[in-house]
Every structure is written in C-alpha cells, then in structure tokens.
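Student: Okay, sequence plus prediction incoming.
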Amino acid sequence: MTETNKPSTKSWDEFLDTFLKAEHIKNLKKQTFVIKVDSAVGRKDENILLYTVNHDGKKYLWQPNKTNMSEFIKLGMNSPEDIVSKNLYFEKVKVQNPATGERVDSLVIVKVE
C-alpha cells in the first residue's frame, strides 16, 4: 500500500464497518466484487481467509465461513484464488451466534460469476 492510499488516522470513520456484514447488503440482487485474497493465522492458530471485496462502491473485508467455502468448492472453484475478480451474490439466513446464542443474519453464497 502506498503512502497516498493509506487511511487517515485523524478519524475513526475509515476503520469502522470494515468487515462485510449482512446489514450492509440492502439489495440481494447487487453483486459483491472480489478484489483480492489474503491468508492469516488467527488468535487460536486457525488458518483464515480474508477477501477484500467491493459492495455498493465501498471496500470491505469478508471472511467466508465453512459453509461458503464448501459452496465455492461445489461451484468448481479449485482454490481461494479462483474467487478473485468474481462477482458474488449472497442470500441472508438466520444462524445462531455461538458467542451470544442469539439468532442473527448471516451471508451465504448463492451464485458466483
């Protein structure tokens, strides 16, 4: 990242809502474009995929869950890199948040183009 592309540290605005959430998807017919993929090791030493995506003109990070990764495999994506430069379409489903026990909206892949 070049110095000119770095987010400003003079405000919190560029750091809030950085992860794509179900609440950001207002229109399920709008695509989400995948810009790039990165991998990381999480706090519990688990392998993590992080995609940088553009939805409705705003960049977000998106971490696919195991259900979405299984869907990518069913759709013929041979590696996490195969998703880059694709358009994703989501559906919202209710799932149980393991930390709170609440039912919350989650995003699942329904189509990749």
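Tutor: That came through fine. The structure displayed is predicted, hence computed values, not measured ones.

Student: switch to C-alpha atoms for all contacts and neighbour counts from now on
Tutor: OK.

Student: Where does pLDDT dip in the chain?
Tutor: Applying pLDDT under 70 to the chain flags residues 1-9, 11-17.

Student: in it, which spans are helices?
Tutor: Using DSSP state H, the helices of the chain run over residues 66-74.

Student: residue boundaries of the strands in it?
Tutor: Assigned by DSSP state E, the strands in the chain fall at 32-41, 47-55, 58-62, 87-96, 103-112.

Student: can you list contacts of the fourth one?
Tutor: Judged by CA atoms under 8 Å, 6 or more residues apart in numbering, the contacts made with strand 87-96 from elsewhere in the structure are 22, 28-34, 102-113.

Student: Need the buried ones from the residues you listed selected in ChimeraX.
Tutor: To isolate in ChimeraX the members of the contacts of strand 87-96 that are buried, counting by 16 or more other CA atoms under 10 Å, one can use:
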select :22,31,32,33,34,105,106,107,108,109,112
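
Student: Mind listing what's buried along stretch 63-70?
Tutor: 63, 64, 68, 69.

Student: Figure out which of the strands of the chain is closest to residue 74.
Tutor: Among these, the nearest to residue 74 by CA to CA is strand 103-112 (11.0 Å).

Student: Can you get me a residue count around residue 81?
Tutor: Counted by other CA atoms under 10 Å, the residues lying close to residue 81 total 13.

Student: what's the closest non-adjacent residue to it?
Tutor: residue 37 (6.5 Å; CA to CA, 6 or more residues apart in numbering).

Student: could the strands of the chain go into JSON lines alongside distance to residue 79?
Tutor: Shown next, in JSON lines, are the strands of the chain (distance: least, CA to CA, whole Å):
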{"stretch": "strand 32-41", "distance to residue 79": "11"}
{"stretch": "strand 47-55", "distance to residue 79": "11"}
{"stretch": "strand 58-62", "distance to residue 79": "16"}
{"stretch": "strand 87-96", "distance to residue 79": "15"}
{"stretch": "strand 103-112", "distance to residue 79": "14"}
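
Student: Perfect, I'm done here.
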